[in-house]
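Visitor: The amino acid sequence is not available; the structure is as follows:
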């Protein structure tokens with residue numbers, strides 16, 4: 001928040017939108033995350049945004065599996081540290 005320039009990563013230029021989603025544990029696994037993501041991707045697609053990226057903790061394997069099921073793929077970003085960058089086109093929403 002205090003250093004937004006750290007979010008400017010040239011490798012993410014093709015993925016101009018950013019997704020950040022957090023659900024409390026009692027709301028996970030019940031379809032809410034999928035519906036929220038689908039709604040967000042549809043809104044982006046309706047506005048002509050071609051793709052979205054997100055950053056997650058590499059250790060969060062449950063989130064990684066969730067995003068994999070939704071069609072996200074790993075993005076190569078230099079020096080990601082303990083984070084994994086994922087991206088997805090906003091089209092083909094029928095996969096959700």
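Guide: Alright, I've got the coordinates. For clarity, every value in this text was computed on a predicted model and none was experimentally measured.
Visitor: What residues of stretch 31-39 count as buried?
Guide: 33, 37, 38 (16 or more other Cβ atoms under 10 Å). (Glycine included, C-beta is placed from N, CA and C.)
Visitor: Tell me the one of the residues you listed nearest residue 80?
Guide: Of all the buried residues of stretch 31-39, residue 37 has the smallest distance to residue 80: 21.5 Å, by Cβ to Cβ.
Visitor: isn't that closest one right up against residue 96?
Guide: Yes - Residue 37 lies in contact with residue 96 (Cβ atoms under 8 Å); the separation is 6.7 Å.
Visitor: Now list whatever residues contact both of those two.
Guide: residue 70 (Cβ atoms under 8 Å, 6 or more residues apart in numbering).
Visitor: Make JSON lines out of the buried residues of stretch 31-39 and add secondary structure.
Guide: Putting the buried residues of stretch 31-39 into JSON lines (DSSP: H, G, I helix; E, B strand; the rest coil) gives the following:
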{"residue": "33", "secondary structure": "helix"}
{"residue": "37", "secondary structure": "helix"}
{"residue": "38", "secondary structure": "helix"}
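Visitor: so, if you compare those residues, which one comes nearest to residue 79?
Guide: When these are compared for distance to residue 79 (Cβ to Cβ), residue 37 wins out at 26.9 Å.
Visitor: ok, the most centrally placed residue in the chain to residue 67 distance?
Guide: Nearest residue to the geometric centre of the chain (Cα atoms, centre = their mean): residue 54, 3.4 Å. Computed as Cβ to Cβ, to the nearest Å, the residue 54 to residue 67 distance reads 7 Å.
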